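Asker: Sequence and computational prediction follow.
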2 protein chains.
Amino acid sequence: MAAADEARGASARPKRADAVRNQQTLLAAAAEVFVTSGVDAPIREIAKRAGVGMGTIYRHFPTRADLVVAVYRHQVEACAEAGPALLAEEESPFTALERWVDLFVDFLVTKHGLADALRSDSGGFEALHAYFLDRLVPVCGQLLDAAAGAGEARPGVEPYELMRGVGNLCVGRDDDPRYDPRRLVDLLLRGLREVRPSS
Amino acid sequence: MAAADEARGASARPKRADAVRNQQTLLAAAAEVFVTSGVDAPIREIAKRAGVGMGTIYRHFPTRADLVVAVYRHQVEACAEAGPALLAEEESPFTALERWVDLFVDFLVTKHGLADALRSDSGGFEALHAYFLDRLVPVCGQLLDAAAGAGEARPGVEPYELMRGVGNLCVGRDDDPRYDPRRLVDLLLRGLREVRPSS
DNA sequence: GACAAAACGGAACAGCGCTCCGTATCGTAA
DNA sequence: TTACGATACGGAGCGCTGTTCCGTTTTGTC
């Protein structure tokens, strides 16, 4: 898949060169702005940084979620693909699950405000929630099923709630030394772990 | 402590009757609006409901947090006071901790958007975060210490991070049938529990 | 009843998301 | 090369926020 196709969406018919260029410029500008101002940075700020008008942003990315998804698509895909890989290479399914959750947490905590946006119920972020979940919940489910099947995880825990729980633990200021999301996620996973019957 | 004193703050010198009346009216109006529109409802909406101008709100409650704290002060106090009581009446410290966390979760999930506001890093909610923490972290610490001391909880978990973890698990839409904060909090507490040595 | 202090109300300003349409640019066919 | 329709662009404008500020009203007191 060529970069231009990917940025534009493969099924759309070829568009003008300036449009493709602007889309690329916007993605780059948005990525930069997200780092400093978070994913809920003012649209005008992104437009200014990219040197385009606001109309251009809304034409290419009708909702904020579209822009955020486009910026982070690669990393979400990488996370999704890491699931089966970990399951294959780790010695136990639960270890694979732990390492995959680690990956997910790393992703969230390094993106200022992304976890907050994920759980947001306004601001055009609903589609973001949906995309992350559509892509990652099945992967999480696979790992969870494997762990439960091996008797390493408590049965009855849904992938969706685990994902949201982990995501929720990552919200909030990331520069507070008193709160490390990873420690809480560890606790959560410890609670998920099923002690294997000694038989 | 008389109601008027309490609403005004006991250390302030006596103020005009209309000011006291408006403060009461505002508290009642805010409580009503919070139920329907959440704690981040527009100031104008609260002012309108109370039949006062916006200036009046800002004069009595300079920040949004001041208003929210005033509305929920009683319930926070009740929650704080329930800690030692539970520790005294429950058979084990960990059970007391569990029941206290339940109380806290109940409080959060029944207040639309309160958990979200608590972890917010903008919108004048910082003081809200501070108040909740100042009041509840010591209580949580007491329960946690008791449980750890009895060998029922893993040592090394800070009250602050537990409170924030539980609070974080409660953020987000409360009408999503796929996600029940209580289930995740259960998992978290299960991870916190230390299996008592069989000796 | 008069007067100063206290409190009130809402106009006004700034920042935001989002829309809409006149204008500029691009691709193509003559 | 030029001309022209399709496509994309830019930003003014609208509505909704939070917050401030000051002319006006109400209150308590003498």
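Answerer: Okay, I see it.
Asker: and stretch A:160-174, average pLDDT?
Answerer: Stretch A:160-174 shows a mean pLDDT of 94.
Asker: scratch that, stretch A:116-123
Answerer: Per-residue scores along stretch A:116-123 average to 83.
Asker: cool, stretch A:74-93 as well?
Answerer: 96.
Asker: Keeping just the C-alphas, turn it into PDB.
Answerer: The C-alpha trace of stretch A:74-93 is given here as PDB (Å, rounded to 0.1, in the frame of the first residue of the first chain):
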ATOM      1  CA  HIS A  74       0.400   2.800  12.700                       C
ATOM      2  CA  GLN A  75       1.000   2.400  16.300                       C
ATOM      3  CA  VAL A  76      -2.400   1.000  17.000                       C
ATOM      4  CA  GLU A  77      -1.900  -1.500  14.200                       C
ATOM      5  CA  ALA A  78       1.500  -2.400  15.600                       C
ATOM      6  CA  CYS A  79      -0.100  -3.000  19.000                       C
ATOM      7  CA  ALA A  80      -2.800  -5.100  17.500                       C
ATOM      8  CA  GLU A  81      -0.300  -7.300  15.500                       C
ATOM      9  CA  ALA A  82       1.900  -7.700  18.600                       C
ATOM     10  CA  GLY A  83      -0.900  -9.700  20.300                       C
ATOM     11  CA  PRO A  84      -0.700 -13.000  18.300                       C
ATOM     12  CA  ALA A  85       3.100 -12.600  18.100                       C
ATOM     13  CA  LEU A  86       3.400 -12.500  21.900                       C
ATOM     14  CA  LEU A  87       1.000 -15.400  22.300                       C
ATOM     15  CA  ALA A  88       3.300 -17.400  20.000                       C
ATOM     16  CA  GLU A  89       6.600 -16.500  21.500                       C
ATOM     17  CA  GLU A  90       5.900 -16.200  25.200                       C
ATOM     18  CA  GLU A  91       6.000 -19.300  27.400                       C
ATOM     19  CA  SER A  92       2.600 -18.800  29.000                       C
ATOM     20  CA  PRO A  93      -0.600 -17.000  27.700                       C
END
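Asker: Can you list the buried residues in that stretch?
Answerer: Across stretch A:74-93, burial judged by 16 or more other Cβ atoms under 10 Å in any protein chain shown covers A:76, A:79, A:80, A:82, A:83, A:86, A:87, A:90, A:93. From N, CA and C alone the C-beta is placed, and that goes for glycine too.
Asker: contacting residues for the spatially closest residue to residue A:194 that is not a sequence neighbour?
Answerer: Among residues not flanking residue A:194 along the chain, residue A:154 sits closest, at 4.8 Å (Cβ to Cβ, 6 or more residues apart in numbering or on different chains). If you count contacts by Cβ atoms under 8 Å, 6 or more residues apart in numbering or on different chains, residue A:154 has them with A:148, A:192, A:193, A:194, B:187.
Asker: show me the contacts for residue A:160.
Answerer: So residue A:160 contacts A:133, A:137, B:178, B:179 (Cβ under 8 Å, 6+ apart).
Asker: Now a ChimeraX select for only the buried ones of those residues.
Answerer: A single ChimeraX command selects the buried members of the contacts of residue A:160 (16+ other Cβ under 10 Å):
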select /A:133,137 /B:179
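Asker: which of the contacts of residue A:160 lies closest to DNA strand C?
Answerer: Distance to DNA strand C, by Cβ to the nearest atom of the strand, is smallest for residue A:133 among those, at 20.3 Å.
Asker: What residues sit buried inside the helix or strand where that closest one lies?
Answerer: When elements are assigned from DSSP states H and E, residue A:133 belongs to helix A:126-149. Neighbour-count burial for helix A:126-149 flags A:128-129, A:131-133, A:136-137, A:139-144, A:146-148 (criterion: 16+ other Cβ under 10 Å).
Asker: Distance check, the closest residue to residue A:135 other than its chain neighbours against chain B.
Answerer: Excluding its sequence neighbours, the residue lying closest to residue A:135 (Cβ to Cβ, 6+ apart) is residue A:80, at 5.1 Å. From residue A:80 over to chain B the distance is 20 Å, taken as Cβ to the nearest Cβ, to the nearest Å.
Asker: do the same with residue A:91
Answerer: Relative to chain B, residue A:91 is positioned 22 Å away (Cβ to the nearest Cβ).
Asker: Let me see the contact set for that residue.
Answerer: Counting by Cβ under 8 Å, 6+ apart, residue A:91 makes contact with nothing.
Asker: And residue A:40, by the same measure?
Answerer: For residue A:40, the contact set (Cβ under 8 Å, 6+ apart) comprises A:64, A:113, A:116, A:117, A:123.
Asker: Pipe those into TSV and attach distance to residue B:38, neighbour count and secondary structure per row.
Answerer: Formatted as TSV, the contacts of residue A:40 follow (distance: Cβ to Cβ, whole Å; neighbours: other Cβ atoms under 10 Å in any protein chain shown; DSSP: H, G, I helix; E, B strand; the rest coil):
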residue	distance to residue B:38	neighbour count	secondary structure
A:64	20	24	helix
A:113	20	21	coil
A:116	16	25	helix
A:117	18	22	helix
A:123	14	13	coil
